[in-house]
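Colleague: sequence and predicted structure, then a few things I'm wondering about:
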Amino acid sequence: QVELVESGGGLVQPGGSLRLSCVASGFSLDLYSIGWFRQAPGKEPEGPFAISSSDGTTTYADSVKGRFSISRDMAKNAIYLQMDSLKSEDTGIYYCGAPLWAGPHGYEHDYRGQGTQVTVSS
């Protein structure tokens, strides 16, 4: 059974940091590209704003470039998202999607987790 489980969210002040985790079971992440998505309250899902490709490259949306960093730990079959210099507009539910592939309307994923809440507020 395929499952993705995110953790690490919470309440943080503007300028603070959080590290999110996404642990996979039922398939091996090292064979696939993986992305992080988020959904702000009342808005459509955004993403993937951070991608870890199967060839080892990483890609970021302009909204998070220089502040967020995606990484992999294949021993734990997990990916991480280090988020620094957080802003109020980063508030939302964050989830990982894998395998990630390019569809006719943008990136799509076969599986996603339930997500973890990130709230940036003073």
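Modeller: Nice, thanks for sending it over. Numbering: from 1, shown residues only.
Colleague: find the nearest non-adjacent residue to the residue nearest in space to the middle of the chain, please.
Modeller: The chain has W36 as the residue nearest its centroid, 2.3 Å off, counting by CA atoms, centre = their mean. Distances taken as CB to CB, 6 or more residues apart in numbering put A50 closest to W36, at 4.4 Å, once the chain neighbours are dropped. Yep, even glycine has a C-beta here, placed from its N, CA and C like the rest.
Colleague: the host helix or strand of that neighbour pairs with which strands, parallel or anti?
Modeller: Here A50, judged by DSSP states H and E, is contained in strand 46-52. Using DSSP bridges, strand 46-52 pairs in its sheet with strand 34-39 (antiparallel), strand 58-60 (antiparallel).
Colleague: looking at the chain, which helix or strand is least sure?
Modeller: strand 106-112 (a mean of 92; mean pLDDT, DSSP states H and E).
Colleague: quick one: contacts of that one?
Modeller: Outside strand 106-112, the residues that touch it by CB atoms under 8 Å, 6 or more residues apart in numbering are 2-4, 35, 37, 47-48, 51, 95-102.
Colleague: repeat that for 7 Å
Modeller: Residues outside strand 106-112 that contact it (CB atoms under 7 Å, 6 or more residues apart in numbering): 2, 4, 35, 48, 95-101.
Colleague: buried set for it?
Modeller: For strand 106-112, a neighbour-count test (16 or more other CB atoms under 10 Å) marks 109, 112 as buried.
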